[in-house]
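Engineer: Just the structure for this:
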Amino acid sequence: MARKMIAPWMWTALIAALVPAVIGCEAHAQTGGQAQSAPPPPAATQPPPPAPTPAAATTPEPAPTTPPAAEPPKSNVTVKDGRLGIPGNIVYETGKAIIKPESEPTLSTLKEFMEQNKNFTRIRIEGHTDNVGKAEANLKLSQDRAMAVVQWLADHGIPKDRCIAVGFGDTKPIADNKSDDGKAQNRRTEFHLAEINGKPFLGRDETGGGKAAPGQAPPPPPAAKK
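Structural biologist: The predicted model follows:
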């Protein structure tokens, strides 16, 4: 009888002892599960570094070019029927063959023209006067003035054999000698082509009908007409 009473009690005690243990295990299990920290979030993905900026394209420097050849100097001298039109006038002292300084620009233009046109192998320089005084004296004065121009050109590098000085005196007026203005126009120096490449221009007389100044090389005879 005693054994039957003890057995239920022992089961009761055993259960009583096991219940707290079980509850404790469950509590520990729950507590332990809650104590575990959540896994750390994945590291933020760093944005890729910006692509390196390409170096600015440099425009290649153009290859050096050869400068264009300088244009030949242009002359303001005109040529019409063998006569050279040169701006300005040759001015002389009254009654003399002395060239005044204001004539320099005209003379320089003639010099440059002859330097640029070597094919014009001879230029005729004509002296003309008004009708004041004796014809013989005027002829000599016109020759002397033409020679003064030849000498000026020679002093500035133009060989004398490229010029022929010719005097006309008062025989070829271009204006009325009755007025001072007309006389001033008649006192002039003209320039004409005498030779081209060593031959008389158009086969004409190189003196143009005037009288060559003393000491001038005689021009070749005009070519015979065929």
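Engineer: partners of whichever strand in the chain runs longest, with directions?
Structural biologist: What stands out as the longest strand in the chain, according to DSSP state E, is strand 188-196. Sheet pairing of strand 188-196 (DSSP bridges) gives strand 83-85 (antiparallel), strand 122-128 (antiparallel), strand 199-200 (antiparallel).
Engineer: Single out the most deeply packed of these.
Structural biologist: strand 122-128 (a mean of 26; mean count of other Cβ atoms under 10 Å). In short, each C-beta sits where N, CA and C put it, glycine included.
Engineer: Ok, which of the strands paired with strand 188-196 comes nearest Lys100?
Structural biologist: strand 122-128 (15.0 Å; Cβ to Cβ).
Engineer: what's the angle between the helix or strand just after that closest one and strand 188-196?
Structural biologist: Downstream of strand 122-128, the next assigned helix or strand under DSSP states H and E is helix 135-155. Orientation of helix 135-155 against strand 188-196 (axes from the mean of the first three to the mean of the last three Cα atoms, to 10 degrees) gives an angle of 60 degrees.
Engineer: The residue nearest to Gln185 when sequence neighbours are not counted and Gly133, how far apart?
Structural biologist: Spatially, and ignoring its direct neighbours in sequence, Gln185 is nearest to Ala175 (3.9 Å; Cβ to Cβ, 6 or more residues apart in numbering). Ala175 sits 17 Å away from Gly133 when distances are taken as Cβ to Cβ, to the nearest Å.
Engineer: next one: Lys100
Structural biologist: Distance from Lys100 to Gly133, by Cβ to Cβ: 20 Å.
Engineer: same deal with Ile86?
Structural biologist: 27 Å.
Engineer: repeat for Pro214
Structural biologist: 20 Å.
Engineer: ok, His156 touching Leu110?
Structural biologist: No. With contacts counted by Cβ atoms under 8 Å, His156 stays clear of Leu110, the gap being 9.7 Å.
Engineer: So the two - more neighbours on which side?
Structural biologist: Neighbour tally, His156 and Leu110, criterion other Cβ atoms under 10 Å: the higher count belongs to Leu110, 26 against 14.
Engineer: Quickly find the element holding that one.
Structural biologist: helix 104-116.
Engineer: which of the residues in that helix are buried?
Structural biologist: Under the neighbour-count criterion of 16 or more other Cβ atoms under 10 Å, helix 104-116 has 106-107, 109-111, 113-114 buried.
Engineer: Taking those, tell me the two that lie furthest apart.
Structural biologist: Thr106 and Met114 (13.0 Å).
Engineer: ok now do Phe113, which residues does it touch?
Structural biologist: With contact set as Cβ atoms under 8 Å, 6 or more residues apart in numbering, Phe113 has these partners: 75, 77, 84, 86.
Engineer: one step back: Ile86 and Gly133: which is more packed in?
Structural biologist: Regarding Ile86 and Gly133, a neighbour count based on other Cβ under 10 Å identifies Ile86 as having more, with 21 against 13.
Engineer: Provide a list of residues in contact with that one.
Structural biologist: Counted by Cβ under 8 Å, 6+ apart, Ile86 has contacts 77, 106, 109-110, 113, 191.
Engineer: can you pull out the helices in this structure?
Structural biologist: 2-35, 104-116, 135-155, 180-186 (DSSP state H).
Engineer: neighbouring contacts of the shortest one?
Structural biologist: Just to be clear, that refers to helix 180-186. Outside of helix 180-186, the residues within contact range by Cβ under 8 Å, 6+ apart are 128-132, 170, 173-177.
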